[in-house]
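Novice: Build me a model:
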Amino acid sequence: MTEKTKNLICSVAFLAIGTLIYFEATQIKVIMAKDLGSGFFPKVVGITMILMALLELILTLVMGSKNGQATEEGDNDKKGMLLTVACMLGYAALFDTLGFILSSTIYLFLQITVLSNDKNRKLPLFAIISVLTSIAVYGIFVYLIGMPLPTGILDF
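Specialist: A predicted model of the protein is given here:
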């Protein structure tokens, strides 16, 4: 199977999954009138999946695939995918114990490091971005939206 065929199949599959997620999210009833509702975030995820799948589909159809891709690039992609899955599993496992801020900071730092290459790897910058992003998201959820997040060992 060619790389173009694989990309087309994946694009169509993610387009279908995103559509299903969005459709199912519209079935979630809103309990409070002023609340965004429990279906808001799943709708955002569904729309994002649909848009990304459409973008990949268009790029695959317009640009095609490079036949001479190096196997090293494919190996790096597989390694990055496995490390990403490991990071997400670790994040889910540590979320309740460490709390949102610590687990998110660790996850973001590791994920940014996995996605960077040796040329653009700046660990102090990644650490600052991870800490500030986690604190900002925590503040938005807890203080602006009023949705408590687990504090874990940082019980304050």
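Novice: what helix or strand is Met52 on?
Specialist: Secondary structure from DSSP states H and E places Met52 in helix 40-63.
Novice: Quick one: distance of whichever helix or strand comes after that helix to the chain centre.
Specialist: Proceeding N to C from helix 40-63, the next assigned helix or strand is helix 71-115, under DSSP H and E. Relative to the chain's own centre, helix 71-115 is displaced by 10 Å; criterion: C-alpha atoms, centre = their mean, to the nearest Å.
Novice: packing partners for the helix or strand just after helix 71-115?
Specialist: Where DSSP H and E defines the elements, the next helix or strand beyond helix 71-115 is helix 123-139. Other helices and strands packing on helix 123-139, by 3 or more C-beta pairs under 8 Å, 6 or more residues apart in numbering; DSSP states H and E, are helix 71-115. C-beta: built from backbone N, CA, C; applies to glycine.
Novice: before we move on, the earlier item: elements contacting the helix holding Met52?
Specialist: helix 3-26.
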